[in-house]
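S.K.: Turn this into a model:
(2 chains)
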Amino acid sequence: SAVISQKPSRDICQRGTSLTIQCQVDSQVTMMFWYRQQPGQSLTLIATANQGSEATYESGFVIDKFPISRPNLTFSTLTVSNMSPEDSSIYLCSVGEASSSYEQYFGPGTRLTVT
Amino acid sequence: AQSVSQHNHHVILSEAASLELGCNYSYGGTVNLFWYVQYPGQHLQLLLKYFSGDPLVKGIKGFEAEFIKSKFSFNLRKPSVQWSDTAEYFCAVHYPNTGNQFYFGTGTSLTVIP
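M.R.: This next block holds a predicted model:
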């Protein structure tokens, strides 16, 4: 299983600013996923990030708001842009491989509060 | 749109009681099914998974789940819960043939009373 770390673990930001969340994996992985877990709700997939290609965004999420980078097979970033209080959430990074039917391993999450 | 339903939002059990958590998904195509657990203060961990074959799958810590295709269900069971099973449980569905979409249920909070 992969070990995943995220930075920062939590942050409090002002509205209108942007925050970049980093996700580091201890091994090379094909697919990385970014999720949002809003208070009292389930995980919602934001986008899938494969190395060397543009991220694939789910319905309701756009690149201008959530730009993603995937420069190599062990690292990815998610930026939450022009934040509003509605962006307050836990943001999770996970990894998976097609060879294991996309069984996912999750990072510890980044708790974001926008004031 | 596809969805995943977990019927029990909060379950409270005494130790040694049996557990069954319901999970239903909305689309009848090819699916991969998962249960994840989040213990207090920890990150999500895979509890068990179903890809194909025997519909009764066994996971860690004595958990098992049964895939019933005709009912679009993947219920989680444990015959005798322990205090250490107190956690949040999430059912997840992966549709490999429709754009690799993943859907998570809203979660079930399990509290086991010693």
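S.K.: Which parts of chain A are helices?
M.R.: For chain A, no helices are identified by DSSP state H.
S.K.: which residue is nearest the middle of it?
M.R.: Nearest residue to the geometric centre of chain A (CA atoms, centre = their mean): A:Trp34, 3.1 Å.
S.K.: Tell me the residues of chain A that contact chain B?
M.R.: A:33, A:35, A:41-45, A:48, A:56, A:58-59, A:92, A:94, A:101-109 (CB under 8 Å from any CB of the partner chain). Every residue, glycine included, has its C-beta placed from N, CA and C.
S.K.: Show me where chain A has its strands.
M.R.: Listed in chain order, the strands found in chain A under DSSP state E are A:4-7, A:10-13, A:19-25, A:31-37, A:43-50, A:56-57, A:68-72, A:75-80, A:89-96, A:105-106, A:110-114.
S.K.: could I get the ones you listed as TSV with mean pLDDT?
M.R.: Listed next are the strands of chain A as TSV, based on pLDDT from 0 to 100:
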stretch	mean pLDDT
strand A:4-7	96
strand A:10-13	97
strand A:19-25	97
strand A:31-37	93
strand A:43-50	91
strand A:56-57	92
strand A:68-72	93
strand A:75-80	97
strand A:89-96	94
strand A:105-106	92
strand A:110-114	97
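S.K.: Can you check which of those strands gets nearest to B:His43?
M.R.: strand A:105-106 (5.2 Å; CB to CB).
S.K.: roughly how far out does stretch A:68-76 sit from the chain middle?
M.R.: Taking the mean of its C-alpha atoms, stretch A:68-76 sits 11 Å from the chain's own mean (CA atoms, centre = their mean, to the nearest Å).
S.K.: From the rest of the structure, what touches that stretch?
M.R.: A:22-30, A:32, A:34, A:47, A:49-53, A:55, A:77-79, A:93 (CB atoms under 8 Å, 6 or more residues apart in numbering or on different chains).
S.K.: Are any of those buried, and if so which?
M.R.: A:22-23, A:25, A:29, A:32, A:34, A:47, A:49, A:51, A:55, A:77-78, A:93 (16 or more other CB atoms under 10 Å in any protein chain shown).
S.K.: In terms of secondary structure, what does the strand of greatest length in chain B contact?
M.R.: Under DSSP E, the strand in chain B containing the largest number of residues is strand B:87-95. Applying 3 or more CB pairs under 8 Å, 6 or more residues apart in numbering or on different chains; DSSP states H and E, we find strand B:87-95 packed against strand B:4-5, strand B:32-38, strand B:73-78, strand B:101-104, strand B:108-113.
S.K.: Fine by me, we can end here.
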